[in-house]
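For reference, the sequence and a predicted model appear below.
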Amino acid sequence: MPRRARLAVAGIPWHIIQRGNNRSVCFYTEADYQYYLEILAAQADKHGCQIHAYCLMTHHVHLLVTPERTDSASLLMKHLGQRYVQYINRSYRRSGTLREGRFRSCLTQDEDYILRCYRYIELNPVRAAMVAHPGEYRWSSYAVNGQGLSNPVITPHAQYLSLADSWSARHKACRALFGSHMESSLVDEIRHATNGNYVLGNSRFKEEIALMLERRVSPLKAGRPVKDS
């Protein structure tokens, strides 16, 4: 069965997940994380992508990206993957692929859902029981968005900027978003949309994207179709 074409619209954010092949390790040392962030910044600039949030986990990566063109995010992930695999194979004298052949993604509605994706991405280490608070994890964008650390990888999204009128107030407002764990239903909604290559947003947003792309952007409802009486 052919795989569904990826949903791609310029200017609309993508939540992206890239996993290690067969869930293998992607990062071995601190230098690996640092190198990945360096080439992420370079390739994002080269291919016209803004990175709003990220989390580098041992076996996978989360990114929140707004592409300038319809092919920007795909080109970013292609060249980022190539450069990083070459580095890992050279550094550890290995060969072959490192990541799954196809990254997973969903188009994300600006209103409400962007900040939910910020939380989803930066709370990954907490859900994995690696740390008690996202600020304790070094390899995510929480230090930038929640604590004000400077990082050339990150470009704030308009919804993040609208949290407050000053940077210190934005950082404080962002930290307030992490005062509690995410509802399991919201976590499932984001996972389902990303793994299925669907749209993450309300019904109006989904309808707009479906009309724009002239294709289905949500999963079919379970069960047999209702017959006309």
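Nice, I can see it.

Dead centre of this protein: give me the residue that sits there.
residue 63 (2.8 Å; Cα atoms, centre = their mean).

a strand runs through that one, doesn't it?
Yes - under DSSP: H, G, I helix; E, B strand; the rest coil, residue 63 sits within a strand.

surely it meets residue 50?
No - using Cβ atoms under 8 Å, residue 63 is not in contact with residue 50; the gap is 10.6 Å. In this view, the C-beta of every residue, glycine as well, is placed from N, C-alpha and C.

so what's residue 183 scoring on pLDDT?
On the pLDDT scale, residue 183 is placed at 92.

What about it, how many residues nearby?
10 (other Cβ atoms under 10 Å).

Would you map the helices across the protein?
30-47, 72-92, 113-122, 124-127, 142-145, 158-161, 167-177, 184-196, 203-213 (DSSP state H).

low-confidence ranges in this protein?
For the chain, the stretches with pLDDT under 70 are 1-3, 22, 96, 100, 221-229.

try it again with 80
1-4, 21-23, 94-101, 220-229 (pLDDT under 80).

which residues sit in contact with residue 175?
Contacts were defined as Cβ atoms under 8 Å, 6 or more residues apart in numbering; by that measure residue 175 touches 146, 147.

do you know how far it is from residue 146?
5 Å (Cβ to Cβ, to the nearest Å).

now residue 103
26 Å.

One more: residue 196?
29 Å.

which of those two has more neighbours?
More crowded of residue 196 and residue 146, by other Cβ under 10 Å: residue 146, with 23 against 14.

okay but that one is in contact with residue 178, surely?
Yes - if you go by Cβ under 8 Å, residue 146 and residue 178 touch, sitting 6.6 Å apart.

what bridges to the residue nearest to the centre of the chain?
Note on residue 63: beta-bridge partners by DSSP bridges are residue 16, residue 54.

who are the neighbours in contact with it?
Residue 63 touches 14, 15, 16, 18, 40, 51, 53, 54, 121, counting by Cβ under 8 Å, 6+ apart.

With residue 70 instead?
8, 9, 10.

ok, and what's touching stretch 164-171?
Contacts for stretch 164-171 (Cβ under 8 Å, 6+ apart): 145, 146, 147, 148, 156, 160, 161, 163, 172, 173.

Of those, grab the buried ones for ChimeraX.
Only the buried entries of the contacts of stretch 164-171 go into this ChimeraX selection, using 16 or more other Cβ atoms under 10 Å:
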select :145,146,156,160,163
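
Among the contacts of stretch 164-171, which pair sits farthest apart?
147 and 161 (16.7 Å; Cβ to Cβ).

that older thread, could you dump the contacts of residue 63 into a markdown table with distance to residue 211 added?
Formatted as a markdown table, these follow (distance: Cβ to Cβ, whole Å):
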| residue | distance to residue 211 |
| --- | --- |
| 14 | 19 |
| 15 | 22 |
| 16 | 24 |
| 18 | 29 |
| 40 | 33 |
| 51 | 29 |
| 53 | 28 |
| 54 | 31 |
| 121 | 29 |
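
Pull the most distant pair out of these.
15 and 40 (15.4 Å).
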